[in-house]
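Participant: here is my input, please return the structure:
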Amino acid sequence: MGKQGSPRSPRPDTSMKDYQTRSCSEGGFAGNDPSLGRRLSGGESALQNDIHAAKIGSCKGAYVGKRHTWFSKHVRSVATMLAFVGFLFMLDSLMVSVFDSMSLGKNISTLTKSNDENHKEEGKPPVQMYGRLLSLASGALAEKELEQQETRFWKQPYATKASVWKPCADKKVLEYPAGRLGKSNGYIVVSANGGLNQQRVAICNAVAVAALLNATLVLPTFLYSNVWKDPSQFGDIYQERHFLDMMKEEVDIVKELPSRFQSLDTEAIGSLITDSDLPKEATPHDYLEKVLPILIRNGFVHLLGFGNRLGFDPMPAQIQKLRCKCNFHALKFVPKIQKVGALLRQRIRKYEAEPTTLDKQLLGDYISSNIPSKKPSNATKPPVKYLALHLRFEIDMIAYSLCDFGGGTIEKQELQAYRESHFPLLIKRLRKSK
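Facilitator: Predicted coordinates for the structure are as follows:
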């Protein structure tokens with residue numbers, strides 16, 4: 001006989017297991033192995049957990065199934081809604097881009113396109129336009145399209161009042177016998193700096209200062225400039241004899257400084273007065289306080305540079321009239337300059353234009369010789385308008401003119417700062433006028 005449980009042994013009788021099972025169920029766990037009870041209770045607990053998990057799994061499966069059923073029913077609606085929203089966004093962006101492109105200015109694109117095409121035809125790269133100029137041009141074109149208004153550029157707002165004005169220098173300055181108040185206080189020598197316009201202003205200011213200080217004026221000289229490289233002096237530009245004869249009733253003028261003063265060291269004796277000693281647009285009080293004592297002590301003063309060293313306000317009326325007389329009557333160009341000026345005027349203006357008073361003052365007899373004979377009806381026509389180009393567009397001229405040249409806030413601030421540092425009297429006049 002083989003061993004129990006081996007393959008060759010006969011199957012054991014199951015009555016023993018039934019007996020053991022019955023004894024366990026009938027007699028409980030008393031007198032038996034306690035671990036066997038624990039194993040049986042653990043098995044029951046595991047069985048209950050499996051049953052609970054099966055219930056939960058069945059619930060989850062039912063929930064997932066319902067959700068899948070809802071999505072399958074509404075998937076078309078959701079897809080349709082998303083497609084509709086996307087279409088709205090695309091339509092909105094398309095409309096915005098179309099309207100923006102239409103409102104950016106057809107004129108700018110047309111000008112740029114034509115410019116590029118012209119340069120492509122010539123085989124040259126297109127010209128790059130500055131952004132600010134481009135924006136100004138577009139603004140001007142837009143205004144022109146919206147409002148067709150007549151230009152007011154050539155209209156003179158004060159034409160009616162100006163027609164009744166009379167030149168102040170036409171009257172002789174007899175009420176103020178400048179230069180005739182007894183003995184002269186001394187000699188004033190002026191060496192003018194700058195270009196032609198600055199030199200002309202310096203001459204007129206020198207006449208006014210000589211009258212103010214009761215002094216004798218030496219015919220002004222011009223400093224040589226490395227910029228202009230022009231050695232011309234007073235007699236090369238203006239008619240000396242006419243100048244002396246015109247001003248002899250108001251101011252004593254001589255051609256040279258007396259010899260007793262020529263050998264003196266001007267700077268050593270304190271008679272040299274430069275632009276740093278006098279402010280720009282100085283007042284008559286400045287000359288009476290600073291220059292007159294030196295003039296009386298040494299007998300002469302030398303005003304070196306003398307660029308814009310006499311203001312307009314406050315200024316006695318008689319002194320201002322004297323300055324106007326010097327500028328519009330005493331200073332006459334030499335004949336060769338008058339001849340060239342008359343030719344230029346003839347080419348700029350129409351032949352039948354009537355000469356103005358200023359034309360006659362500047363060009364003298366040459367103005368009539370350059371006017372061809374025309375019908376009397378044409379002689380009454382007003383002068384033709386034209387533009388003059390200032391080749392030296394510099395900050396001092398721009399600031400003093402008080403004009404707006406389209407540079408915006410930055411330009412206005414820079415010009416205002418320049419006026420405050422270089423033209424303080426101009427700032428005072430502006431503040432008083434407000």
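
Participant: use CA for all of it now, contacts and neighbours both
Facilitator: Fine.

Participant: pLDDT below threshold where in the protein?
Facilitator: Judged against pLDDT under 70, the low-scoring parts of the chain cover residues 1-73, 98-133, 144-159, 162-163, 165, 168-181, 350-353, 369-392.

Participant: quick one: the strands in it, in order.
Facilitator: In the chain, the segments counted as strands under DSSP state E are 187-192, 216-218, 221-222, 253-254, 272-273, 300-305.

Participant: mind putting the ones you listed in TSV, mean neighbour count and distance to residue 343 included?
Facilitator: Written out in TSV, the entries for the strands of the chain read as follows (neighbours: other CA atoms under 10 Å; distance: least, CA to CA, whole Å):
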stretch	mean neighbour count	distance to residue 343
strand 187-192	24	29
strand 216-218	24	33
strand 221-222	20	27
strand 253-254	18	33
strand 272-273	18	41
strand 300-305	22	33
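
Participant: now these as a markdown table including distance to residue 327?
Facilitator: Rendered in a markdown table, the data for those read as follows (distance: least, CA to CA, whole Å):
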| stretch | distance to residue 327 |
| --- | --- |
| strand 187-192 | 15 |
| strand 216-218 | 16 |
| strand 221-222 | 16 |
| strand 253-254 | 16 |
| strand 272-273 | 24 |
| strand 300-305 | 19 |
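
Participant: out of those, flag the one nearest residue 344.
Facilitator: strand 221-222 (26.0 Å; CA to CA).

Participant: circling back: for the strands of the chain, which one sits closest to residue 84?
Facilitator: Across the strands of the chain, residue 84 has its closest neighbour in strand 300-305 (82.2 Å, CA to CA).

Participant: on contacts alone, who are the packing partners of that closest one?
Facilitator: With contacts taken as 3 or more CA pairs under 8 Å, 6 or more residues apart in numbering; DSSP states H and E, strand 300-305 sits against strand 187-192, strand 272-273, helix 292-298.

Participant: helices and strands around the first one, which ones?
Facilitator: Secondary-structure packing of strand 187-192 (3+ CA pairs under 8 Å, 6+ apart): helix 196-212, strand 216-218, strand 221-222, strand 300-305.

Participant: then it to CSV, C-alphas only?
Facilitator: What follows is the C-alpha trace of strand 187-192 in CSV, where atoms were taken according to Å, rounded to 0.1, in the frame of the first residue of the first chain:
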residue,chain,number,x,y,z
TYR,A,187,34.2,158.9,-30.3
ILE,A,188,32.6,155.6,-30.8
VAL,A,189,34.3,153.0,-32.9
VAL,A,190,32.3,150.0,-34.1
SER,A,191,33.7,146.7,-35.5
ALA,A,192,30.7,144.8,-36.7
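
Participant: that strand pairs with which strands, and in what direction?
Facilitator: Its sheet considered, strand 187-192 pairs with strand 216-218 (parallel), strand 221-222 (parallel), strand 300-305 (parallel) by DSSP bridges.

Participant: circling back to that earlier point, in JSON lines, list the helices and strands packed on strand 187-192 along with distance to residue 76.
Facilitator: Written out in JSON lines, the entries for the helices and strands packed on strand 187-192 read as follows (distance: least, CA to CA, whole Å):
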{"stretch": "helix 196-212", "distance to residue 76": "88"}
{"stretch": "strand 216-218", "distance to residue 76": "106"}
{"stretch": "strand 221-222", "distance to residue 76": "97"}
{"stretch": "strand 300-305", "distance to residue 76": "93"}
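
Participant: how does this structure divide up, domain by domain?
Facilitator: With domains defined by automatic domain parsing, the chain comprises 172-332, 336-388, 389-434.

Participant: and residue 359, how far is that from residue 241?
Facilitator: 21 Å (CA to CA, to the nearest Å).

Participant: which one of the two is surrounded by more residues?
Facilitator: Taking residue 359 and residue 241 together and counting by other CA atoms under 10 Å, residue 359 has the greater number of neighbours (17 against 11).

Participant: so what's the residue nearest to residue 292 when sequence neighbours are not counted up against?
Facilitator: Counting by CA to CA, 6 or more residues apart in numbering, the nearest residue to residue 292 once its immediate chain neighbours are dropped is residue 213, at 6.5 Å. Applying CA atoms under 8 Å, 6 or more residues apart in numbering to residue 213 gives the contacts 185, 287-288, 292.

Participant: dump the helices and strands packed on strand 300-305 to TSV, plus distance to residue 200.
Facilitator: As requested, the helices and strands packed on strand 300-305 are exported to TSV (distance: least, CA to CA, whole Å):
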stretch	distance to residue 200
strand 187-192	9
strand 272-273	19
helix 292-298	23
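
Participant: out of these, which comes closest to residue 322?
Facilitator: Using CA to CA as the measure, strand 187-192 is the one of the helices and strands packed on strand 300-305 that comes nearest residue 322, at 16.8 Å.

Participant: about what we covered before: would you mind checking the contacts of residue 213 for buried ones?
Facilitator: 185, 287, 292 (16 or more other CA atoms under 10 Å).

Participant: in stretch 225-233, which residues are buried?
Facilitator: For stretch 225-233, burial by neighbour count (16+ other CA under 10 Å) applies to no residue.

Participant: just the endpoints, please. Distance across it?
Facilitator: Taking CA to CA, the span from the opening residue of stretch 225-233 to its closing residue is 12 Å.

Participant: who touches that stretch?
Facilitator: Outside of stretch 225-233, the residues within contact range by CA under 8 Å, 6+ apart are 193-195, 221-222, 224.

Participant: how about a cut-off of 6 Å?
Facilitator: Contacts of stretch 225-233 from elsewhere in the structure, counted by CA atoms under 6 Å, 6 or more residues apart in numbering, are 222, 224.

Participant: quick revisit: just flag the most distant two among the contacts of residue 213.
Facilitator: Spatially, the most separated pair among these is 185 and 287, at 13.2 Å (CA to CA).

Participant: picking up where we left off before, for residue 325, see how far away the residue nearest to residue 292 is.
Facilitator: Relative to residue 325, residue 213 is positioned 18 Å away (criterion: CA to CA).

Participant: got it, and residue 238?
Facilitator: Look at residue 238 and residue 325: by CA to CA, they are 15 Å apart.

Participant: give the contact list for the closest residue to residue 193 other than its chain neighbours.
Facilitator: The spatially closest residue to residue 193, leaving aside those adjacent along the chain, is residue 305, at 4.8 Å (CA to CA, 6+ apart). Residues in contact with residue 305, defined by CA under 6 Å, 6+ apart, are 191-193.

Participant: closest to residue 399 among the buried ones among the contacts of residue 213?
Facilitator: For the buried ones among the contacts of residue 213, the residue nearest residue 399 by CA to CA is residue 287; the value is 25.4 Å.
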